[in-house]
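J.: Need a 3D model of the following:
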Amino acid sequence: MLRKLGDKATTRLKHPDFSPALTRCRRHYSERTGTVPSVELPPPIDWRNIFKTTPVLVRDRISLRNLETATDLAPVLVPDMKDHPAMQRTRENREPEGSVIIEAFPGPGALTRGLMKLPRSRVRRIIVLEDYGQYYDWLKPLEEVDDRVTVVQRSGYFWDTYPILEEMGLLDDVQTYPWEQLHPSLRFIAHVPHNIPGEQLVNQFYRNIPDRAWLYKYGRMPMNLIMGEWLWQRISAPAGSNTRCKLSIIAEALASSSLAVPRDRLLPYDDHFHPTTSKMSPHQEKRPEARRIGHPHVVVNVTPKEHVAIAPGQLEKWDYVLRRLFVLKSTALRSAIGSLAPGAAALIKPIAATGVDIKQPIKKLSLDDWAKIVKVFDEWPFAPEDLLISESFNPDTSRV
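T.: Below you'll find the predicted structure:
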């Protein structure tokens, strides 16, 4: 618990051997706002004045500000894994107990502080990724009171951040587990930016699963994502729904996704999140209602499936077929199939032979239907070779 670390854990930091950089940081905040970075966050009523969200870097970012909510969420996001079957292997291999948590886009760190209250038997390390200076300055003091915390001034959005964590030795004691077992000691937690790049980022989180890239090279790592309800509706949309889309299929094919806490637990929005809806910026007012500040947010569990529907190396073909056909999502498959490529109408007969109802509109097709369609397309000798998939995962690119 945070309180057990000593009185300095519950008061503003005034340690005599503070680094010169942090001393300058304190002076900077004192002159500008009258509030200095410390372990204790400022009162929620002051957040809008202290934590500016007008810079492009953060204007679409949402973060928890209610410490009570963060404290309640922490044990839900990091369950006690002592009885997990894989923990027997952990004990045999003398791997330290507790989870290594990578937290991205934490904001000033309300949730980080909630995670710090969990015992060492549950949390052995918290790696915090934050590149926005104002937020970083309120996170860095946490290292002074809890040796489990490391704050890295990097964005969780960029691919090269994660090899840097390895170079720093922060993942040295994270063991690799067979895919059949859920990883017992590595978790990823993120506040997802409330914009289209945020949706693309979540898409990439899922897309890394079939080839076991990114952090999945350590095993079947669970994630917790705090996201706008509009994005959750796209991820969880059932067959036939108007919100059914390419992301819905990819997510269903690769992971089990569910709400970690009831939706109402995080309502009303202004009671839990920063920034609040007061004084909405012109930028926000111009956006669709679902993507404005104040739209409900949810906490999502994402657990990669042991047996995924997309085989390694097949993601580009799935992506191509889904993208081409979902442009015509209200059109029957037999009429839409021609959009795949010249001559693709010839695929209707072999697709129908697999049991797919070719009269169904695209949005009503099930995951099993899509698997059969992609298989037939993959076996078609005239399938285009250049699929032109710009969103596919590539470790040489800068984004995850």
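
J.: Show me where the stretch 251-400 of the chain has its helices.
T.: Secondary structure of the stretch 251-400 of the chain by DSSP state H, counting those that start in this stretch: the helices cover 282-285, 315-326, 333-336, 348-353, 367-379.

J.: so how far is Gln284 from the residue nearest to Tyr269 when sequence neighbours are not counted?
T.: Distance criterion C-beta to C-beta, 6 or more residues apart in numbering; nearest residue to Tyr269, sequence neighbours excluded, is Gly294 at 5.1 Å. Just so you know, the C-beta spots here come from the backbone N, C-alpha and C atoms, and that holds for glycine as well. Distance, Gly294 to Gln284, by C-beta to C-beta, to the nearest Å: 9 Å.

J.: Report pLDDT for the residue nearest to Glu252 when sequence neighbours are not counted.
T.: The shortest distance from Glu252 to any non-neighbouring residue, by C-beta to C-beta, 6+ apart, is to Leu367 (5.1 Å). With respect to pLDDT, Leu367 scores 98.

J.: since we're on Leu367, how many residues are nearby?
T.: Counted by other C-beta atoms under 10 Å, the residues lying close to Leu367 total 14.

J.: got a list of what it touches?
T.: Leu367 makes contact with 249, 252-253, 309, according to C-beta atoms under 8 Å, 6 or more residues apart in numbering.

J.: how close does it get to Arg324?
T.: 17 Å.

J.: Would you agree the residue nearest to Tyr269 is in contact with Asp270?
T.: Yes. Using C-beta atoms under 8 Å, Gly294 is in contact with Asp270, at 7.2 Å.

J.: Mutual contacts of the two, please.
T.: With C-beta under 8 Å, 6+ apart, Gly294 and Asp270 have common neighbours 276-277.

J.: right, and the secondary structure at the residue nearest to Glu97 when sequence neighbours are not counted would be what?
T.: Of all residues not flanking Glu97 in the chain, Ser121 sits nearest, at 5.4 Å (C-beta to C-beta, 6+ apart). Secondary structure assignment for Ser121 (DSSP: H, G, I helix; E, B strand; the rest coil): coil.

J.: close enough to count as contact, Ser121 and Met81?
T.: No. Using C-beta under 8 Å, Ser121 is not in contact with Met81; the gap is 9.7 Å.

J.: Please say which of the two ends up with more neighbours.
T.: Counted by other C-beta under 10 Å, Ser121 and Met81 do not tie: Met81 has more neighbours, with 20 against 13.

J.: So for that one, what's the nearest residue that isn't a sequence neighbour?
T.: Nearest non-adjacent residue to Met81, counting by C-beta to C-beta, 6+ apart: Pro184, 4.6 Å away.

J.: and the gap between the one you found and Pro178?
T.: Distance from Pro184 to Pro178, by C-beta to C-beta: 12 Å.

J.: swap in Arg148?
T.: Arg148 is 27 Å from Pro178, by C-beta to C-beta.

J.: Repeat that for Val78.
T.: Distance, Val78 to Pro178, using C-beta to C-beta: 22 Å.

J.: Specify which residue of those two has the higher count of neighbours.
T.: Between Val78 and Pro178, counted using other C-beta under 10 Å, Val78 has the larger neighbour count: 21 against 11.

J.: ok, the more buried one - contacts?
T.: Contacts for Val78 were tallied using C-beta under 8 Å, 6+ apart; they are 99, 101, 115, 118, 122-123, 187.

J.: same thing with Glu103?
T.: For Glu103, the contact set (C-beta under 8 Å, 6+ apart) comprises 111-112, 115, 126-129, 189-190.

J.: and it, that's in a helix?
T.: No. The assignment for Glu103 (three-state DSSP) gives strand, which keeps it out of a helix.

J.: which regions of the protein sit below the pLDDT cut-off?
T.: Low-confidence regions of the chain, defined by pLDDT under 70, span residues 1-35, 82-94, 279-280, 388-400.
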